[in-house]
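[1] Here's my sequence, what's the structure:
(chains A and B)
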2 protein chains.
Amino acid sequence: MAKAAIMGFGTVGGGVYDIIDASREKVSLNAGEPIDVKYILDIRDFPNHPRKELFTKDFSDILNDPEVTVVAEVMGGLHPAYEFTKSLLENGKSVVTSNKELVATYGTELLAIAREKNVNYFFEASVGGGIPVIRPIHQCLTANNILKIAGILNGTTNYILNEMITKGKAFADALADAQKLGYAERNPAADIEGHDACRKIAILASLASRNFVDYNDIPTEGITEITLDDVNCAAKLGAVIKLIGYARFLEDGKVFSIVAPMLIDKSDPLSGVDGVMNAVMITGDSVGDVMFYGAGAGKLPTASAVVADMIDAVKHCERSKKIFWEKPEKNITASGDDVKFSYFIRTGDSADNIKAAFEDCRFTESAVTGESAFITEPLTAAEIEDRLEKLSSVISKIRVFN
Amino acid sequence: MAKAAIMGFGTVGGGVYDIIDASREKVSLNAGEPIDVKYILDIRDFPNHPRKELFTKDFSDILNDPEVTVVAEVMGGLHPAYEFTKSLLENGKSVVTSNKELVATYGTELLAIAREKNVNYFFEASVGGGIPVIRPIHQCLTANNILKIAGILNGTTNYILNEMITKGKAFADALADAQKLGYAERNPAADIEGHDACRKIAILASLASRNFVDYNDIPTEGITEITLDDVNCAAKLGAVIKLIGYARFLEDGKVFSIVAPMLIDKSDPLSGVDGVMNAVMITGDSVGDVMFYGAGAGKLPTASAVVADMIDAVKHCERSKKIFWEKPEKNITASGDDVKFSYFIRTGDSADNIKAAFEDCRFTESAVTGESAFITEPLTAAEIEDRLEKLSSVISKIRVFN
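    Alright, predicted model coming up:
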């Protein structure tokens, strides 16, 4: 019988408790022994919970109980989650988490402590909710050199864009509807400005490269500038606009990462990821493109990933699975001048001026009268800026996914 | 340094050798030690291979070499692959395989031997080529009760149907083109009659239920009866026809499995799986739908899954991962009368006769003049047969995916 603790009894914490409680037999079969929740840490009171004796407000109850071998940290935020996790790992307990902020910020250190103490720090639920993606990268694609990761990593923005695409809603209306439905928070900045997706692609890029990719170094554009006109112009091209967390692993060991809205052709599997769903596309040198799709958030999907990590931690008790990345000795951040994208441009300028600025552009039908729309040849960040300066106006500039 | 052997130097075997050779450092990092191919077993001669000294025609070289701890069985077929695999496992060597025929037929026994001998028998490459699907079911979705698995498991049939859908080719022409391109074999029966997909869904259903699902018990329809008229009628409905390997896990522990062409709405992620690509959709009670997508065949994709299994086997040397299913004590095969499907029906009969036979059917636009097309209410196998007997003719009967 493995003894566990849950830190944080919010939505995900409640789901973790419920799954372990409801699937006792299945969890036991898969873990090799039953998992028993001995503590639930929360600063709030839950006097009506059927197992109210499990609740504690004192972290040291968990830290100092030698029976507890695995702890689910689902409290969120950096502090005290960081201090708690560090202490637990140092005390030889495995920790599993859904806390992307913490993994993206302190993952390097926490994974190193876990290795050193021969325990595990698992974080499947931190990216893509219930979709298996961390373990597949770490275990299933190990025979591949990963060339690229591209994901729809934020359900809120995907829902908003999908409403714009399928129902012709303006951005503000789609956002308001998302808020009404509980898909977007009252302060939606973390989602719509791309910061949530940024943390997640930083984790995936770190895992795939085994080098820490700092989310502070990742250029991040949200979807707040995307208009219905953009969406309609994309439709004329047989494409949709999606917010993409993107990482490309260059031959020199550098990593180019970005979060930005991108134009995706409808023949691409990522284009069909609708509503609040998430998907991660991984390109390996042997396997080609593989995609993992599913619910990227939500109580039970996310909790099911946390519980799967708890099961794996119990199976690998006192045996580190050696999931890690390290702080690189030199700077591995590639810039926008190390990679090329084609761009989708809308402008009020004349066709002649466009042709003078862009040698090899492809004009497309605009959904707006009086405008020109075109796709550029693949260009670096400096090159596109240089060319666009020659135009009298730029209404939109959106990368084309490749 | 782990010593390995490759049995069978065909397409996949060659890919396994190439990946291990080209990614020596990466394999070593992931496995925790280098993997060195010591033997390649094949009845043919490869006098021009740069490492021709590795080749042997004598299986006992591998069996009796105590240094060899992991063997990739990529020879295909049941015999002697079964006897070789059994001997290796009994001798305490881990075996990894891409041989779906062998896993579907003798998996129960071979997995039991592996458990008993504390070694591993891995088979990620047997379903979905390079797409991670076995390990995600076994390790990532362990907190879920799996309710349903539905997969596009055969690239040949998916290519043929896709050509019919997107280019308006007749079945025979699409098949001929697939043969020209090497996507279909000269004798295409195993693919187009659904037998290949049947082995694969049997493996997935066995893994998910932990009970052996015998492919001989799975009703299997191929795509040979699907006509361009069917495809065009589906298009009128906003749907496509795909060959689906399908398993539903009923509350009483029974498993309903089938391989059949199904009508899939274009809003379903499986509908967008085009060309030779494969995808597996798994429905868990907590996670909801998750889908895994990628190349289901091909030299390097399949080989990359074999090599990932070899890496995992080296990491778990002398420690069984306890992937298994058992022969159930009682019959767990659900029949077509335990589940309900809606059906898409094309008939030359009159609307009045149709309405008399089907209380709650939904007429749809037919792509063929003089015909009626409709979708039935959900019906068991006996119910649909009973109703259809009341019609003067049935041109097509295709299940609607759900």
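[2] Wondering if stretch A:144-163 reaches chain B at all.
    Yes: residues of stretch A:144-163 are located near chain B by CB under 8 Å from any CB of the partner chain, namely A:Asn144, A:Asn145. The way it works is simple: take the backbone N, C-alpha and C, and place the C-beta from them, glycine included.
[3] Now the terminal residues of that stretch, how far apart.
    37 Å (CA to CA, to the nearest Å).
[4] Would you mark the buried spots in stretch A:385-402?
    Going by neighbour count (16 or more other CB atoms under 10 Å in any protein chain shown), the buried part of stretch A:385-402 is A:Arg387, A:Leu388, A:Leu391, A:Ile395, A:Ser396, A:Ile398, A:Arg399, A:Val400, A:Phe401, A:Asn402.
[5] anything in that stretch near chain B?
    No: Stretch A:385-402 lies out of reach of chain B by CB under 8 Å from any CB, never closer than 15.5 Å.
[6] ranges for the strands of the stretch 101-250 of chain A?
    Taking DSSP state E, counting those that start in this stretch to define them, one finds strands in the stretch 101-250 of chain A at A:121-122, A:146-152, A:239-249.
[7] Which SSE is immediately downstream of the longest one?
    Spelled out, it's strand A:239-249. Next in sequence after strand A:239-249, counting helices and strands by DSSP states H and E, comes strand A:255-265.
[8] Run the angle between that next one and strand A:146-152 for me.
    50 degrees (axes from the mean of the first three to the mean of the last three CA atoms, to 10 degrees).
[9] So what are the sheet partners of the helix or strand hosting A:Tyr343 and their directions?
    Assessed by DSSP H and E, A:Tyr343 sits inside strand A:342-347. Strands adjacent to strand A:342-347 in the sheet, as given by DSSP bridges, are strand A:372-375 (antiparallel), strand A:396-400 (antiparallel).
[10] Three-state assignment for the closest residue in space to A:Ser304 that isn't next to it in sequence, please.
    Excluding its sequence neighbours, the residue lying closest to A:Ser304 (CB to CB, 6 or more residues apart in numbering or on different chains) is B:Ser286, at 3.6 Å. The local conformation at B:Ser286, judged by DSSP: H, G, I helix; E, B strand; the rest coil, is coil.
[11] same thing with A:Leu391?
    A:Leu391 - assigned by three-state DSSP - is coil.
[12] wait, doesn't it sit right on A:Asp349?
    Yes: with contact defined as CB atoms under 8 Å, A:Leu391 counts as touching A:Asp349 (4.5 Å).
[13] Domain ranges for chain A, per the record?
    As assigned by automatic domain parsing, chain A contains the domains A:2-130+A:299-315, A:135-295, A:342-400.
[14] Determine which of those domains approaches B:Asn48 most closely.
    Minimum separation from B:Asn48 across the domains of chain A (CB to CB) falls at domain A:135-295, 23.5 Å.
[15] if we can go back for a sec, the strand holding A:Tyr343: what's the following helix or strand?
    As assigned by DSSP H and E, the chain's next helix or strand after strand A:342-347 is helix A:351-357.
[16] Show me what that following helix is in contact with.
    With contacts defined as CB atoms under 8 Å, 6 or more residues apart in numbering or on different chains, helix A:351-357 is touched by A:Thr347, A:Cys361, A:Phe363, A:Ser372, A:Phe374, A:Arg387, A:Leu388, A:Lys390, A:Leu391, A:Ser392.
[17] so the fifth one makes contact with A:Cys361?
    Put plainly, it is A:Phe374. Yes: under the criterion of CB under 8 Å, A:Phe374 makes contact with A:Cys361 at 4.5 Å.
[18] Find residues that contact each of the two.
    A:Ile345, A:Ile354.
[19] How many residues are close by A:Leu54?
    18 (other CB atoms under 10 Å in any protein chain shown).
[20] for the spatially most central residue of chain A, what are its contacts?
    Nearest to the geometric centre of chain A sits A:Lys200, at 3.0 Å (CA atoms, centre = their mean). A:Lys200 makes contact with A:Lys100, A:Ala104, A:Ser126, A:Val127, A:Gly128, A:Gly151, A:Leu153, A:Asn154, A:Gly245, according to CB under 8 Å, 6+ apart.
[21] In JSON lines, list the residues you listed along with pLDDT and neighbour count.
    Listed next are the contacts of A:Lys200 as JSON lines, based on pLDDT from 0 to 100; neighbours: other CB atoms under 10 Å in any protein chain shown:
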{"residue": "A:Lys100", "pLDDT": "97", "neighbour count": "23"}
{"residue": "A:Ala104", "pLDDT": "98", "neighbour count": "26"}
{"residue": "A:Ser126", "pLDDT": "97", "neighbour count": "27"}
{"residue": "A:Val127", "pLDDT": "97", "neighbour count": "29"}
{"residue": "A:Gly128", "pLDDT": "95", "neighbour count": "30"}
{"residue": "A:Gly151", "pLDDT": "97", "neighbour count": "30"}
{"residue": "A:Leu153", "pLDDT": "98", "neighbour count": "31"}
{"residue": "A:Asn154", "pLDDT": "97", "neighbour count": "28"}
{"residue": "A:Gly245", "pLDDT": "98", "neighbour count": "30"}
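[22] Among these, which ones are in helices?
    Under the assignment DSSP state H, the contacts of A:Lys200 contribute A:Lys100, A:Ala104 to helices.
[23] List, one by one, the residues from the stretch 151-300 of chain A near chain B.
    A:210, A:267, A:269, A:271-274, A:284-295, A:298, A:300.
[24] Quick one, which of those residues are buried?
    For those, a burial check counting by 16+ other CB under 10 Å picks out A:269, A:271-274, A:284-295, A:298, A:300.
[25] tell me which parts of the stretch 1-150 of chain A are close to chain B?
    A:15, A:19, A:23, A:26-27, A:29-30, A:32, A:124, A:130-132, A:135-136, A:139-145.
[26] tell me the pLDDT at the residue lying farthest from the centre of chain A?
    Each residue of chain A has a distance to the centre, and by CA atoms, centre = their mean the biggest one is for A:Asp352: 41.8 Å. For A:Asp352, the model assigns a pLDDT of 93.
[27] likewise A:Tyr17?
    98.
[28] hang on, the earlier thing: for the residue nearest to A:Ser304, give me its contacts.
    A:Gly15, A:Ile19, A:Gly130, A:Leu300, A:Pro301, A:Ala303, A:Ser304, A:Val307, B:Ala143, B:Asn144, B:Asn145.
[29] I am finished for the moment; much appreciated.
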